[in-house]
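*Asks:* build me a model:
(one chain, ligands or ions: 1)
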Amino acid sequence: KPSLEVEFCGRLYENPLMNASGVCCMTTDDLDSMARSRSGAFITKSATSTDRAGNPEPRYVTVPLGSINSMGLPNKGIEYYLNYVLDRQKRFPSENPPFMSVAGMGIDENIKLLNIIQDSEFSGITELNLSCPNVPGKPQVAYDFELTDRTLKSVFQFFTKPLGVKLPPFFDFAHFDDMASILNKYPLAYVNCINSVGNGLYIDVEKESVVIKPKDGFGGIGGEYIKPTALANVRAFYTRLNENIKIIGTGGIRTGQDAFEHLLCGATMLQIGTELQNEGTGIFERINTELLQILEQKGYQSIEDFRGKLHSIT
Ligand SMILES: O=C1NC(=O)NC(C(=O)O)N1
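*Replies:* Sure thing, here's the model as predicted:
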């Protein structure tokens, strides 16, 4: 019988599936429901120094082919999430700790947040979110290559724990090349491709209106809409980054087949956002089952048999 077990950052996970930061991870109840689920891992909502209310509602809407959101980084503050993960570390020492996600409003706050984690007992993996598209007046860090370079240079002066970065989608080979050459300079554990496709617009034709309140209806797009872009970014960075920088694939995963496609492009772990929001944590059982069926049909024993082995046309 094939196995979905994966090794990531020197730890074993029973399967590659986890939530995308932001979904099912705002409160301790959300996080406990992730812990009880069949996900292989889970991650907290991106934290800022203090709690944030975020943008006015409505700010998240499910639409036929995915979702649109402009949450604006609402969260309970880093101490809330750090207390949760440290408590779990103490109560379940044999388990992999949850991932911690942070998203400062600027380079100074990112440094401050990562110093708090560095100085704590946290022994898990940290995700630095460089790609929130929804804070008015705050352009996405990762679309500013110089700022990204400067941030990572500062971070790796002091941060020694496993660190990944959450990236927005890129759409140009020059950008893949330039970003990859920056990322390859640093001892990153992984890059997570992709965050929502920023500043899309969804219209309610009957009302002749946008559907979310912030930013005149502009919001990050997730779900089926973005799978081709997500797969391309996973593949682009898998083929450009040195092999000790792993890839987390995020975007458009709704079925075992979608999961298989991300793995074929080179992803090691897989995050689910929009579809998890729609379906709830039962999705992990379903996608694990569907993915195992694909491995069986294809005669694969483990994910290592095919990860990254997407064929080009020669
Ligand atoms: O990084 C983020 N991506 C999103 O799509 N939304 C959230 C948010 O707005 O908080 N943050």
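*Asks:* need the pLDDT of the spatially closest residue to Val102 that is not a sequence neighbour.
*Replies:* Among residues not flanking Val102 along the chain, Leu113 sits closest, at 4.2 Å (C-beta to C-beta, 6 or more residues apart in numbering). The C-beta positions use only the backbone N, C-alpha and C, and glycine is treated the same way. On pLDDT, Leu113 comes in at 98.
*Asks:* go on, the one 4 residues further on?
*Replies:* What the model reports for Ile117 is a pLDDT of 98.
*Asks:* just the element for it, please.
*Replies:* Using DSSP states H and E, Ile117 maps to helix 107-118.
*Asks:* who's in contact with the closest residue to the ligand within the stretch 201-314 of the chain?
*Replies:* As assessed by C-beta to the nearest ligand atom, the ligand sits closest to Gly220 within the stretch 201-314 of the chain, at 3.3 Å. By C-beta atoms under 8 Å, 6 or more residues apart in numbering, the contact list for Gly220 reads Ile68, Asn69, Ser70, Pro133, Asn134, Asn195, Ser196, Val197, Gly198, Asn199, Gly200.
*Asks:* do the same with Ser39
*Replies:* Counted by C-beta under 8 Å, 6+ apart, Ser39 has contacts Asn15, Leu17, Met18, Asn19, Thr281, Phe284.
*Asks:* in strands only, show me the residues you listed.
*Replies:* Among the contacts of Ser39, the ones falling in strands (DSSP state E) are Leu17, Met18, Asn19.
*Asks:* and which of the residues you listed is nearest to the ligand?
*Replies:* Using C-beta to the nearest ligand atom, the ones in strands among the contacts of Ser39 come closest to the ligand at Asn19, 12.9 Å.
*Asks:* how close does that closest one get to Gly106?
*Replies:* Separation of Asn19 from Gly106 (C-beta to C-beta, to the nearest Å) stands at 26 Å.
*Asks:* who has more neighbours out of the two?
*Replies:* Asn19 (30 against 12; other C-beta atoms under 10 Å).
*Asks:* bridging residues for that one?
*Replies:* Ile272 (DSSP bridges).
*Asks:* start the count at 20, not 1, going forward
*Replies:* All right, first residue 20 from here; so that's Asn38.
*Asks:* ok, now which ones touch it?
*Replies:* Cys44, Met53, Ser58, Phe61, Ile62, Gln290, Ile291, Gly292, Leu295.
*Asks:* let's see that with 10 Å instead.
*Replies:* Residues counted as contacts of Asn38 (C-beta atoms under 10 Å, 6 or more residues apart in numbering) are 44, 49-50, 52-53, 56, 58, 60-64, 117-118, 269, 290-292, 295-296, 300, 302-303.
*Asks:* picking up where we left off before, now the helix holding Ile136: how far from the chain's centre is it?
*Replies:* Distance of helix 126-137 from the chain centroid (C-alpha atoms, centre = their mean, to the nearest Å) equals 19 Å.
*Asks:* which residues touch it?
*Replies:* Residues contacting helix 126-137 (C-beta under 10 Å, 6+ apart): 65-68, 97-98, 100-101, 104, 119-123, 125, 141, 143, 145, 147-149, 160, 166-167, 169-171, 173-180, 182.
*Asks:* what's the first helix or strand after that helix?
*Replies:* strand 145-148.
*Asks:* any idea how far the ligand is from Phe178?
*Replies:* To the ligand, Phe178 is 20 Å away according to C-beta to the nearest ligand atom, to the nearest Å.
*Asks:* ugh, wrong one, Gln137
*Replies:* Gln137 is 22 Å from the ligand, by C-beta to the nearest ligand atom.
*Asks:* what about that residue, how many neighbours?
*Replies:* Gln137 has 15 neighbouring residues, counting by other C-beta under 10 Å.
*Asks:* confidence score at Met45?
*Replies:* So, for Met45, pLDDT stands at 98.
*Asks:* excluding chain neighbours, what is closest to it?
*Replies:* In space, Met45 is closest to Lys64, 4.9 Å off (C-beta to C-beta, 6+ apart).
*Asks:* for the residue lying closest to Gly292 once chain neighbours are set aside, what are its contacts?
*Replies:* Nearest residue to Gly292 in three dimensions, chain neighbours excluded: Ala39, at 3.4 Å (C-beta to C-beta, 6+ apart). Ala39 sits next to 62, 120, 185, 211, 213-215, 241, 267, 269-270, 272, 289-296 when contact means C-beta under 10 Å, 6+ apart.
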